[in-house]
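A.B. asks: Give me coordinates for this.
(one chain, ligands or ions: 1)
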Amino acid sequence: MTISNLFRHLYPFVKPYRKLLLATLFLTAIGSLAAQVNALILRYTVDHVNELLLANKTLKDGIKLLTFISIVLIGKELIYSLVQFGQKFYGEKLRIFISRDLSQAIVEKILSYRLAYYTSTENESGKLQTRIDLGVSSLTRLVQNFFIDILPLFANSLVALVFMFFANFYVGLVGLGIIPIYFYISQLQAKKLSGFRRRMRTYRENKNNGIISLIESITVIKSFVREPLEAEKHKAMQFDMTENQMQTRQLSFVFDSIKSFVEQNGVVFIIILTAYFVLNGTMSIGAIMFHILLFNNVSAPIRQLHRIYDEVNDALINSEGFFDILEADQEKEPSGQFIPTQLKGDFELKNVDFFYPNGTQALKNVSMSIQPNKITALVGLSGAGKSTLINLLDKFYEPSSGEIILDGVNLNAYHTPSLRHKIGLVLQKNHIFKGTIAENIRYGNLNASNEEVEDAARKAYIHEQIVQMPQGYNSNANLLSGGQQQRIAIARLFLKDPAIIFLDEPTANLDAIATEQIKKSLDAIKKDRTVIIISHSISQIIDADTIIVMDNGQVVEQGLHEELYDKQGTYFRIFNAMANSLNIEKIAKTLN
Ligand SMILES: Nc1ncnc2c1ncn2[C@@H]1O[C@H](COP(=O)(O)OP(=O)(O)OP(=O)(O)O)[C@@H](O)[C@H]1O
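C.D. replies: Just a heads-up that it's a prediction; the model follows:
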């Protein structure tokens, strides 16, 4: 990313605050003029005191001069303080507003991206979070520094340079001459450092991601006593990071010394040049102080140049990752225009192939029909492609080739949010949001009354357990057990009341009694709806109107339980294995 590119990307965020910007620029102009007053007054003072001394005047004669100088300096300081306050306040206001807008914009943007965006290894949660945090902080720092530091300093520098040229052409040339040398060195420094900084960003992303994954996997780590291994992995990364940091600092110190040397040479030049002009009578003695102060005004921002380069460079590098996320319009969830008034759930898949973004082919030439208002069970061994199929039917992913037709209309033509409003999805492990139980159930229908929430909980057989908790429906939902959380997800489904239901092993986490209860409530909700259920539970499979058997991404059998069993193919093998694992003989004996 180049600087002009950065400003182009940032402009839409600054645009709403144009007035604030103009006010800051106006104050900057006044501030930079006021900043030169000290140099002018110093020359005036030295020259006039010198005159008084030469004329053998007493202190009494100098009182008028001193009063005048004091009034001017105090007056200038007063104006300067007000200007600085205004500049800092407006600059800060701009920073806070832009930071808020950037953060809000990126959240709204990532919410609009398709699922594949989140499942890509490039965008693991820790990495995304670091890129967003670093992007927002360095961009807002840039905006703030630009208006509080960079702009006023450079305006001062420019005005001081003009004053230097007015004072003497050669003195002006020295002031001007230092600028390109400094720019060149700072640019070289920035260029050399950019590789280190980029690597630093990757280290930070990996570190954040590593810590998040450590916390998520803590139970497994502890149960296998892998703490030393994990600590060692972290240490290796930490050492690489330190090495990179040390090299960055070393390089910075070398460049800082070079720049300091150049600047001091400039001061020496100014002193020698002005002393020469004073001695040959072209300038008054006050000019020495005057020129040194002006040169100081020119070189002060240049002294900060490497810092400013660093900030800009940080912003350039970090904003790359940030704007990549913000402007990944190709990742936007695809949506058509068709808004269905009612859905039946008549799915027709024609030669569907599907590859995940990492290249894994999960579905191979799948063709099938799913009958509306019927229950279809998807059966197959682990990795057969069952969940992938549901992902495609819910439009989380698009087929790589082939077509999916729903109620006679290509799924791609559907308006995605409207379609999802009519589809309910219960997964094996459902997400519970931070918040109360009531809030989590109400996620299914934000307008549901308390009675409706309770009714849904009753249907999901969780109401009794909720009311027994000390804070009832206001209890923290994260405290619920896995099986209870599953029933919260089913209660959400009751509130949503969708026409089509996808159930991906909905009872996998439940105990036998809960499974039995949920089965009853699922039976109730299944009525007159299209239901697709993935299950490893015999009872749920044989209850289905149609069974579709998948193997290695392909549909291998389809039909009724008895038909499929008689075929003695894949279904027969899976069913027998399931039945054997139940140890039916012993169960039958016990029940007898
Ligand atoms: N996000 C993903 N990225 C890449 N490959 C994936 C992704 N999700 C699943 N796969 C792969 O796609 C194939 C099908 O997986 P899928 O989850 O659809 O199987 P499944 O039949 O639902 O299995 P299970 O019964 O174990 O849930 C597997 O080989 C799996 O490794």
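A.B. asks: all contacts plus neighbour counts: C-alpha atoms, from now on.
C.D. replies: Will do.
A.B. asks: List the contacts of Q342.
C.D. replies: A499 (C-alpha atoms under 8 Å, 6 or more residues apart in numbering).
A.B. asks: Per-residue pLDDT of it, please?
C.D. replies: Q342 carries a pLDDT value of 87.
A.B. asks: Helix, strand, or coil at it?
C.D. replies: coil (DSSP: H, G, I helix; E, B strand; the rest coil).
A.B. asks: how close does it get to the ligand?
C.D. replies: 28 Å (C-alpha to the nearest ligand atom, to the nearest Å).
A.B. asks: what about stretch 526-542 and the ligand, touching?
C.D. replies: No: against the ligand, stretch 526-542 shows no contacts by C-alpha under 6 Å from any ligand atom, the least distance being 7.9 Å.
A.B. asks: Output the set of residues of the chain in proximity to the ligand.
C.D. replies: 119, 356, 358, 360, 362, 381-388.
A.B. asks: Which members of those residues are the farthest-apart pair?
C.D. replies: Put simply, by C-alpha to C-alpha the two of these set farthest apart are T119 and L381, 22.7 Å from each other.
A.B. asks: hang on, the earlier thing: using ChimeraX, define a selection of the buried residues within the residues of the chain next to the ligand.
C.D. replies: Here is the ChimeraX command that selects only those of the residues of the chain next to the ligand that count as buried (16 or more other C-alpha atoms under 10 Å):
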select :356,362,384,385,386,387,388
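A.B. asks: got the residues of the chain next to the ligand as a markdown table, with pLDDT and secondary structure columns?
C.D. replies: Putting the residues of the chain next to the ligand into a markdown table (pLDDT from 0 to 100; DSSP: H, G, I helix; E, B strand; the rest coil) gives the following:
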| residue | pLDDT | secondary structure |
| --- | --- | --- |
| T119 | 81 | helix |
| Y356 | 90 | coil |
| N358 | 84 | coil |
| T360 | 91 | coil |
| A362 | 94 | strand |
| L381 | 85 | coil |
| S382 | 85 | coil |
| G383 | 88 | coil |
| A384 | 91 | coil |
| G385 | 93 | coil |
| K386 | 93 | helix |
| S387 | 92 | helix |
| T388 | 94 | helix |
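A.B. asks: What is the burial count for K222?
C.D. replies: Neighbourhood size, K222 [other C-alpha atoms under 10 Å]: 10.
A.B. asks: and it, how far is that from E230?
C.D. replies: Distance of K222 to E230, computed by C-alpha to C-alpha, to the nearest Å: 10 Å.
A.B. asks: got it, and G195?
C.D. replies: From G195 to E230 the distance is 28 Å (C-alpha to C-alpha).
A.B. asks: same question, F572
C.D. replies: From F572 to E230 the distance is 44 Å (C-alpha to C-alpha).
A.B. asks: So which of those two has more stuff around it?
C.D. replies: Shown here are F572 and E230; by other C-alpha under 10 Å, F572 has more neighbours (17 against 13).
A.B. asks: and that one, which of the three is it?
C.D. replies: Classification of F572 by three-state DSSP places it in helix.
A.B. asks: per-residue pLDDT, it?
C.D. replies: pLDDT recorded at F572 is 92.
A.B. asks: quick one: which helix or strand includes the closest residue to it other than its chain neighbours?
C.D. replies: Take F572 and drop its neighbours on the chain: the residue closest to it by C-alpha to C-alpha, 6 or more residues apart in numbering is Y565, 4.8 Å away. Counting by DSSP states H and E, the element that carries Y565 is helix 561-567.
A.B. asks: My guess is the residue nearest to F572 contacts G559. True?
C.D. replies: No: assessed by C-alpha atoms under 8 Å, Y565 is found out of contact with G559, at 9.6 Å.
A.B. asks: which helices and strands does the strand or helix carrying K233 pack with?
C.D. replies: Here K233, judged by DSSP H and E, is contained in helix 227-279. Applying 3 or more C-alpha pairs under 8 Å, 6 or more residues apart in numbering; DSSP states H and E, one finds that helix 227-279 makes contact with helix 169-216, helix 286-303.
A.B. asks: starting at the chain centroid, how far to it?
C.D. replies: What separates the centre of helix 227-279 from the centre of its chain is 31 Å, taken as C-alpha atoms, centre = their mean, to the nearest Å.
A.B. asks: What separation is there between P372 and S81?
C.D. replies: Counting by C-alpha to C-alpha, the separation of P372 from S81 is 75 Å.
A.B. asks: which of these two has more neighbours?
C.D. replies: Using other C-alpha under 10 Å, the more surrounded residue of P372 and S81 is P372, with 20 against 13.
A.B. asks: What count of nearby residues applies to S535?
C.D. replies: Neighbour tally, S535, other C-alpha under 10 Å: 21.
A.B. asks: Do you know the pLDDT at the most centrally placed residue in the chain?
C.D. replies: Centroid check for the chain by C-alpha atoms, centre = their mean gives I132 as the closest residue, at 3.0 Å. pLDDT for I132: 90.
A.B. asks: do the same with the one 10 residues further on
C.D. replies: L142 is assigned 82 on the pLDDT scale.
A.B. asks: and what of I308?
C.D. replies: pLDDT for I308: 74.
A.B. asks: any low-confidence regions in the stretch 251-400 of the chain?
C.D. replies: Counting by pLDDT under 70, the stretch 251-400 of the chain contains low-confidence residues at 303, 306-307.
A.B. asks: Then the stretch 1-150 of the chain?
C.D. replies: Residues of the stretch 1-150 of the chain that meet the cut-off, pLDDT under 70, do not exist.
A.B. asks: and the residue of it nearest the ligand?
C.D. replies: Nearest residue of the stretch 1-150 of the chain to the ligand: T119, at 5.5 Å (C-alpha to the nearest ligand atom).
A.B. asks: tell me the contacts of the residue lying closest to T416 once chain neighbours are set aside?
C.D. replies: Among residues not flanking T416 along the chain, S335 sits closest, at 5.0 Å (C-alpha to C-alpha, 6+ apart). Counting by C-alpha under 8 Å, 6+ apart, S335 touches N412, A413, Y414, H415, T416.
A.B. asks: any idea how far the first one is from I339?
C.D. replies: Which is N412. Applying C-alpha to C-alpha to N412 and I339 gives a distance of 12 Å.
A.B. asks: Settle it for me: which of the two has more neighbours?
C.D. replies: Just comparing N412 and I339: by other C-alpha under 10 Å the higher neighbour count belongs to N412, 19 against 13.
A.B. asks: Can you classify the more buried one as helix, strand or coil?
C.D. replies: helix.
A.B. asks: just the angle between the helix or strand containing Q129 and helix 169-216, please?
C.D. replies: Element membership for Q129 (DSSP H and E) is helix 125-145. Helix 125-145 and helix 169-216 meet at an angle of 150 degrees, taking axes from the mean of the first three to the mean of the last three C-alpha atoms, to 10 degrees as the criterion.
A.B. asks: on contacts alone, who are the packing partners of helix 125-145?
C.D. replies: Under the contact rule (3+ C-alpha pairs under 8 Å, 6+ apart), helix 125-145 is packed against helix 59-111, helix 169-216, helix 305-326.
A.B. asks: from those helices, which stretch is densest packed?
C.D. replies: helix 305-326 (a mean of 21; mean count of other C-alpha atoms under 10 Å).
A.B. asks: Can you name every helix or strand that that one contacts?
C.D. replies: Right, helix 305-326 is packed against helix 3-14, helix 59-111, helix 125-145, helix 169-216 by 3+ C-alpha pairs under 8 Å, 6+ apart.
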